[in-house]
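Participant: next input, structure requested:
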Amino acid sequence: KEVALNATKCMCGLLKAHPHFNFHSNLAAFVVEKMDHKEKDFANEAYECVVEIFRNDIQGEISLELVKGIAKYAKDRRYKVNEEVLKCFHFLPLKVKENEIKKAKKVAKSIKKKHKAKAIEAEILNNEVENNAATLNKCHADALQEVILAYFRILKTFRHPHLLSVSLEGLAKFSHLINLDTVSDLLAVLRELLDENKLTLKASFNCIKMAFKTHQGPGRELQIDEKDFVTHLYQKLPHLLDHSKASTINLAVECLELAFVHRRESSFNRVAAFIKRITTISLHLPYLECKKMVDFSYALLLKYEPTQQLLENELDKVCAGMYDPLVGDPDHANSFATSAWEISLLKFSPSKATKGSVRDIVKLISLSKADAISHSFSKNVEISRKNGGQKGGKEKVFE
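Facilitator: Just a heads-up that it's a prediction; the model follows:
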């Protein structure tokens, strides 16, 4: 085993050091196969090799060859492979580094200015830069097609549980590069996955994140209603109490930001339902995650001012019906029939950071009261002036 592991390290090192070696195709095929090895030592060594090549490859040709090899290997085995085999796609820098191209062109320009005799050299350098950029673009386009196709096949046909989360995470990363023709099909698959309710919590949040990113990216022109994904997000939030890992909660916060910060929600009832549910969940989360949720609630209260009604006393409200915390649709929760009383409990949190965030929310209450008093004062002053002008006498501002 030690000899085999050392041999694998040598092969990986050779591919990293000399990716354009005459037998690089053989080395690439060997490394791809080792990523699916049963022994973790072999799989990790090959995985780290591929990730490093993806990160450092400037021309894009060796990366494209590895992507094609990985896609073919996974397809031949009907995607019954280790998750690392497809997870390595996440490290593909599928974009042209414009700053490097501009920098190289500036070098070519300076050579031309300083040494007129070397104008030909500068022209050659400029052409090389443009050719390299065109080659890189082509390699990235071909690699993107292979990656999207592999992930899409897993979601639509080969729904292996351990690969769903990896595929959704990868699609979310490259969603802004997806072709408009495949957006509607992709969203239909994502909706179907969520409706089946068989995904893990992390996979569900990745699915929702992918849907919002697609809507706000290439799917913006299609005018598709996002309510289904907002509703699924609302239904998944209480499950955070069973999976209070920091990574899962951070993913949930990303989904919330995509749903309400990066886009404008038209329904204040829906936003209020989310604020109420978030503050309820915050009571049961660890300190750091609790602060993130409270901060997000504060952001929503600032952006959607009508939702600040939740900060009022329930006894001062006039509303029809009762709040339903168990309903699955946020539009039917009737959130304005209650108040965010959880904020008053969070004031006694042992965490100073959480207390600070709660104080910011409490300030909104005092500000809204001050605005109301100011408005009432100015209104009464205006009335008194009118009365004084008509009767010639002085009236009291407040009776």
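
Participant: hmm, which helix or strand of the protein has the shakiest average pLDDT?
Facilitator: Between all helices and strands in the chain, the lowest mean by mean pLDDT, DSSP states H and E belongs to helix 98-114, at a mean of 48.

Participant: name the helix or strand for Tyr151, please.
Facilitator: Counting by DSSP states H and E, the element that carries Tyr151 is helix 119-156.

Participant: average pLDDT across that helix?
Facilitator: The pLDDT scores in helix 119-156 average 72.

Participant: so Leu171 sits against Val183, correct?
Facilitator: No. Leu171 lies out of contact with Val183 (Cβ atoms under 8 Å); the separation is 11.3 Å. For glycine as for every other residue, the C-beta is placed from the backbone atoms N, C-alpha and C.

Participant: more neighbours: which of those two?
Facilitator: Between Leu171 and Val183, counted using other Cβ atoms under 10 Å, Leu171 has the larger neighbour count: 27 against 20.

Participant: which strands or helices does the helix or strand following the helix holding Tyr151 pack on?
Facilitator: Once helix 119-156 ends, the next helix or strand along the chain (criterion: DSSP H and E) is helix 161-173. Using 3 or more Cβ pairs under 8 Å, 6 or more residues apart in numbering; DSSP states H and E as the contact criterion, the elements in contact with helix 161-173 are helix 83-87, helix 119-156, helix 201-216.

Participant: which strands and helices sit next to the helix or strand following helix 161-173?
Facilitator: Next in sequence after helix 161-173, counting helices and strands by DSSP H and E, comes helix 183-196. Applying 3+ Cβ pairs under 8 Å, 6+ apart, we find helix 183-196 packed against helix 119-156, helix 201-216, helix 227-236.

Participant: which of those is buried the deepest?
Facilitator: Comparing the helices and strands packed on helix 183-196 by mean neighbour count (mean count of other Cβ atoms under 10 Å), helix 201-216 ranks first with a mean of 24.

Participant: ok and that one relative to helix 183-196, angle-wise?
Facilitator: Inter-element angle recorded for helix 201-216 and helix 183-196: 150 degrees (by axes from the mean of the first three to the mean of the last three Cα atoms, to 10 degrees).

Participant: which neighbouring elements make contact with helix 201-216?
Facilitator: Contact here means 3+ Cβ pairs under 8 Å, 6+ apart; on that basis helix 201-216 packs against helix 161-173, helix 183-196, helix 227-236, helix 246-260.

Participant: check contacts around the closest residue in space to His90 that isn't next to it in sequence.
Facilitator: Nearest non-adjacent residue to His90, counting by Cβ to Cβ, 6 or more residues apart in numbering: Gly170, 5.4 Å away. Contact analysis of Gly170 by Cβ atoms under 8 Å, 6 or more residues apart in numbering lists Leu86, Lys87, Phe89, His90, Val147, Tyr151.
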